[in-house]
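In: sequence and predicted structure below; questions after.
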Amino acid sequence: MPSEPLRVIVNPAAAGGRGRNAARDLLRALDTRSQQYDARYTEGPGHASRLAAEAVSDSAGRIVVVGGDGTVHEVADGLIGCGADPLPAVAVFPVGTGNDFYRMVGPDRSVSAVVGLLDDGMVQHFDIGRVAWEGGERTFVNLMGVGIDVEVLRCRSRFSRLPGLLQYLASFLNALVTFRPPEVDIDTESGDGQRIAGATTLTVITVGPSIGGGFMINPEAKASDGKLDLCHVGAPGVLPILRLVPRVIRGTHGGSPVVTMRRLSRAVLRRPGGESMWFEIDGELSPEPARELRVEVVPGAFPVLVPGRAA
């Protein structure tokens, strides 16, 4: 059994309050193994970042995150922002609505799987993304996006009783009724042929393959390839978008004439007229709109415990 100090960071509000019960099950399992740990509970947005930085200050060797993608995002932000090297490896007990980050780790979401990571897991250094704008900077562990995803976030509370993929789908269909696609200008590299321009239903840049609890938006994306993956969906109208949705769920939309997919190291997103735009980061609405978004990959910055066979 590894002997490094273990810190457990719990979001008790995750998945409509199921985070607290999930943590109770995990801590009970750790107690039966005589595992030494220290559990800390988040008290609001942003608190997980501070708890992660405190874990580094307290010399924690490993961290278990009990929560969803937003909690993992905050923990990664806190770890990377503290500037320590090396960072403690992070295991995830996925208790969220979408859990798209955990899809990069493994299929088993049980308590025993998390305990197995602590016993036999190997450290894999995941890439992260960094997005900067005139008012600030954030990291993301899975995605940032513009377009209808912003409206989806604003109406997801209406469908909070549904599981992840169905919740996202119901929110997407609801948002599509009133959504007006914005014009975007995307420069993915310097040089000719790298610019994407036009109205967008959805433009996302991801570390991993899925968003929204299982929409395979960038099916070839890998967590540790040193690249980010972009999917830009144009605005052909409501009916073509509805016909495209099943293909996005399966990850077979890459051949559609309204879809542009690209692997990249950096990108700049703007509105052609210089207007500000809202965006999302790992399933959370941005703190403010921005006129320009500068996105880049930070290769191998996030140490994650994965099953031994996956590493």
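Out: Arrived safely. Numbers count the residues shown, from 1 in each chain.

In: sketch out the helices for the stretch 1-150 of the chain, chain order is fine.
Out: Taking DSSP state H, counting those that start in this stretch to define them, one finds helices in the stretch 1-150 of the chain at 14-32, 47-57, 69-81, 111-120, 148-155.

In: adding mean pLDDT and mean neighbour count, write the ones you listed out as CSV.
Out: (C-beta placed from N, C-alpha, C; glycine too.) CSV is the format used below for these (pLDDT from 0 to 100; neighbours: other Cβ atoms under 10 Å):
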stretch, mean pLDDT, mean neighbour count
helix 14-32, 91, 16
helix 47-57, 97, 20
helix 69-81, 95, 25
helix 111-120, 93, 18
helix 148-155, 88, 20
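
In: any chance of those in CSV, plus distance to residue 254?
Out: Formatted as CSV, these follow (distance: least, Cβ to Cβ, whole Å):
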stretch, distance to residue 254
helix 14-32, 31
helix 47-57, 34
helix 69-81, 24
helix 111-120, 31
helix 148-155, 19
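
In: doesn't residue 245 belong to a helix?
Out: Yes - looking at residue 245 with DSSP: H, G, I helix; E, B strand; the rest coil, it is inside a helix.

In: now do the same contact list for it.
Out: Shown in contact with residue 245 (Cβ atoms under 8 Å, 6 or more residues apart in numbering): 169, 172.

In: now residue 120
Out: 307, 308.

In: how near is it to residue 108?
Out: According to Cβ to Cβ, to the nearest Å, residue 120 stands 13 Å off from residue 108.

In: below-threshold pLDDT in the stretch 101-250 of the chain: ranges please.
Out: By pLDDT under 70, the weakly predicted segments of the stretch 101-250 of the chain are 190-193.

In: all strands for it, in order.
Out: Using DSSP state E, counting those that start in this stretch, the strands assigned to the stretch 101-250 of the chain run over residues 122-133, 136-140, 143-147, 183-187, 195-199, 202-206, 228-233.

In: can you tell which of those strands is closest to residue 301?
Out: strand 122-133 (5.0 Å; Cβ to Cβ).

In: for residue 303, grab the count of nearby residues.
Out: The local packing of residue 303 (other Cβ atoms under 10 Å) involves 18 other residues.

In: beta partners of it?
Out: residue 125 (DSSP bridges).

In: in this structure it contacts residue 123, no?
Out: Yes - at 5.1 Å, residue 303 and residue 123 qualify as touching, with contact defined as Cβ atoms under 8 Å.

In: alright, that wraps it up for me.
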